[in-house]
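Visitor: Quick one: sequence plus predicted model below, questions after.
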Amino acid sequence: MSHLTSSDSITPAPPAKSFKSAFILMSSLFFMWGAIVSLNDILIPHLKSLFKMNYTETMLIQFCYFLAYFTMAVPASLVIGKIGYKNGIVLGLSIVGTGCLIFLPASYLISYGLFLFGLIVMASGNVFLQVVANPYVLALGPPETASSRLNLAQGINSLATTIAPLTGAYLILGKFANDAQHAASVQGPYIGLAVFAFLVAAAFAVIKLPGINTARSKKVKGNVFKYRQLRLGVIALTLYVGAEVSIGSFIVSYIGQPYIAGFAVQTAAKYIPLYWGGLMIGRFVGSAILQKYSAQKVLVCNAILAFGFIAVTILTHGFISMWAMLMVGLFNSIMWSNIFALAIDGLGDLTIKASGVLMMAPIGGAIFPLLQGVLADSIIGLKYSYILPLLCYLFILYYGLNGHNRLNEKI
């Protein structure tokens with residue numbers, strides 16, 4: 001890891017035990033932002049019902065949340081370069097906790113704008129956490145197993161994305177006597193997340209993280225955007241996040257369609273954890289597979305399978321279509337970590353800058369659900385709006401086959 005400041009403790013060669021302890025601590029961050037992003041899938045039908053909105057209006061939830069990644073990624077990397085990665089984590093967790101607490105006045109005032117503002121604040125805090133955590137986990141050990149470590153951490157993230165929707169569906173969704181009760185149902189889950197964020201921030205403030213040996217990082221000159229694998233990696237990550245979030249955002253609505261399963265909102269919401277649970281299983285399994293196979297080969301295989309299952313979703317009806325859509329989560333599993341690892345490969349002391357650039361990629365989660373919402377509201381309808389994520393997986397396949405290559409660039 002690069003650009004560490006004097007506020008970071010640097011050790012020449014931290015022991016393996018220190019790496020393991022640091023990995024466990026960093027995993028709590030992956031759990032935190034996984035819980036928050038998956039709860040958005042519960043907020044979508046909840047706020048859609050509360051404010052009587054169409055698909056396009058409701059997708060402003062994802063638009064505002066992931067837009068914060070685009071606007072805050074580079075500033076966050078610059079701030080972390082000044083204050084150090086440990087202080088960056090504490091700051092990020094504090095911002096996340098503050099954003100969760102904004103849901104209290106939003107629910108009392110029944111204000112859609114204030115709900116969106118709270119999501120923007122939470123997402124901004126998550127940007128700080130991810131700018132640090134992704135490259136830090138990659139550096140905690142041998143480079144040969146870097147992608148495997150990040151997949152394992154992403155598995156912890158997926159554990160949260162599996163648990164949080166189950167809890168959220170039980171606490172947030174339901175039938176309410178009036179709008180005040182309807183809006184207030186979000187208070188418990190988000191107060192709980194705020195408490196968790198502040199407690200973890202306090203823990204990071206007092207513990208000592210092992211420094212990464214920067215001596216092994218190559219000196220790399222020039223603008224980070226000149227490297228092809230990074231430029232195309234940003235596009236691939238943007239499309240991946242867009243596809244993943246779009247599919248998750250429409251699960252409840254899609255399963256509720258009479259030509260699919262016709263489930264009520266509460267019943268359909270219980271299937272959200274199956275989608276995110278697929279990511280969890282795939283990431284834990286992928287962590288083991290990546291001990292033997294390259295990140296590039298595994299990415300290609302998963303892109304082909306994700307493309308195939310979305311095609312089945314579009315071309316079929318009923319439970320076949322439903323289960324094909326849910327299966328995509330399993331093959332989404334390794335995409336973030338493998339694309340990320342391929343994109344920063346060989347960038348040496350430009351890694352933290354590259355990480356900041358890559359953390360702009362979640363803008364896909366802002367744009368693509370909104371675009372799919374527009375398509376769903378149009379003449380083609382919800383079912384054929386899945387053409388959008390289908391095209392995303394096509395580019396990811398290209399990146400795995402060719403786009404990650406550096407060509408003749410000198411690094």
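Guide: Ah, there it is.
Visitor: Can you give me the pLDDT of the nearest residue to T58 once chain neighbours are set aside?
Guide: For T58, ignoring the flanking residues on the chain, the nearest one in space by Cβ to Cβ, 6 or more residues apart in numbering is K48 at 4.3 Å. (C-beta placed from N, C-alpha, C; glycine too.) K48 carries a pLDDT value of 83.
Visitor: likewise the one 3 residues further on?
Guide: For F51, the pLDDT comes out at 84.
Visitor: Confirm for me that the residue nearest to T58 is in contact with T56.
Guide: No - with contact defined as Cβ atoms under 8 Å, K48 does not count as touching T56 (10.8 Å).
Visitor: if we can go back for a sec, where's the residue nearest to T58, which helix or strand?
Guide: Taking DSSP states H and E as the definition, one finds K48 inside helix 16-51.
Visitor: thinking again about what came up before, any idea how far the residue nearest to T58 is from L173?
Guide: The gap separating K48 from L173 is 11 Å, by Cβ to Cβ, to the nearest Å.
Visitor: cool, and L397?
Guide: 36 Å.
Visitor: Then I260?
Guide: 19 Å.
Visitor: Please apply the same query to T58.
Guide: Going from T58 to L173 by Cβ to Cβ gives 14 Å.
Visitor: P258 now?
Guide: From P258 across to L173, the span is 20 Å (Cβ to Cβ).
Visitor: Just want to know which of these two has more residues nearby.
Guide: Each of P258 and L173 has its neighbours counted (other Cβ atoms under 10 Å); L173 has more, 24 against 7.
Visitor: Was I right to think the more buried one contacts Q266?
Guide: Yes - between L173 and Q266 there is a contact under Cβ under 8 Å: 5.3 Å.
Visitor: for the protein, what are the low-confidence residue spans?
Guide: Low-confidence segments of the chain, defined by pLDDT under 70, span residues 1-18, 175-177, 211-222, 407-411.
Visitor: what ranges do the strands span in it?
Guide: Taking DSSP state E as the test, none of the chain falls into strands.
Visitor: returning to that earlier point: tell me how far the helix holding K48 is from the chain's mean position?
Guide: Offset of helix 16-51 from its chain centre (Cα atoms, centre = their mean, to the nearest Å): 8 Å.
Visitor: ditto for stretch 183-200
Guide: 19 Å.
Visitor: pull the CA atoms of it into PDB?
Guide: Output of stretch 183-200 as PDB, limited to C-alpha atoms (Å, rounded to 0.1, in the frame of the first residue of the first chain):
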ATOM      1  CA  ALA A 183     -42.200   5.700   8.100                       C
ATOM      2  CA  ALA A 184     -41.100   4.900  11.700                       C
ATOM      3  CA  SER A 185     -40.400   1.200  10.900                       C
ATOM      4  CA  VAL A 186     -36.900   2.100   9.600                       C
ATOM      5  CA  GLN A 187     -35.800   3.600  12.900                       C
ATOM      6  CA  GLY A 188     -34.700   0.300  14.700                       C
ATOM      7  CA  PRO A 189     -32.500  -1.100  12.000                       C
ATOM      8  CA  TYR A 190     -30.700   2.200  11.300                       C
ATOM      9  CA  ILE A 191     -30.200   3.100  14.900                       C
ATOM     10  CA  GLY A 192     -28.600  -0.400  15.300                       C
ATOM     11  CA  LEU A 193     -26.300   0.300  12.400                       C
ATOM     12  CA  ALA A 194     -25.300   3.700  13.800                       C
ATOM     13  CA  VAL A 195     -24.400   2.100  17.200                       C
ATOM     14  CA  PHE A 196     -22.400  -0.600  15.400                       C
ATOM     15  CA  ALA A 197     -20.500   2.000  13.300                       C
ATOM     16  CA  PHE A 198     -19.600   4.200  16.300                       C
ATOM     17  CA  LEU A 199     -18.400   1.200  18.300                       C
ATOM     18  CA  VAL A 200     -16.200  -0.100  15.500                       C
END
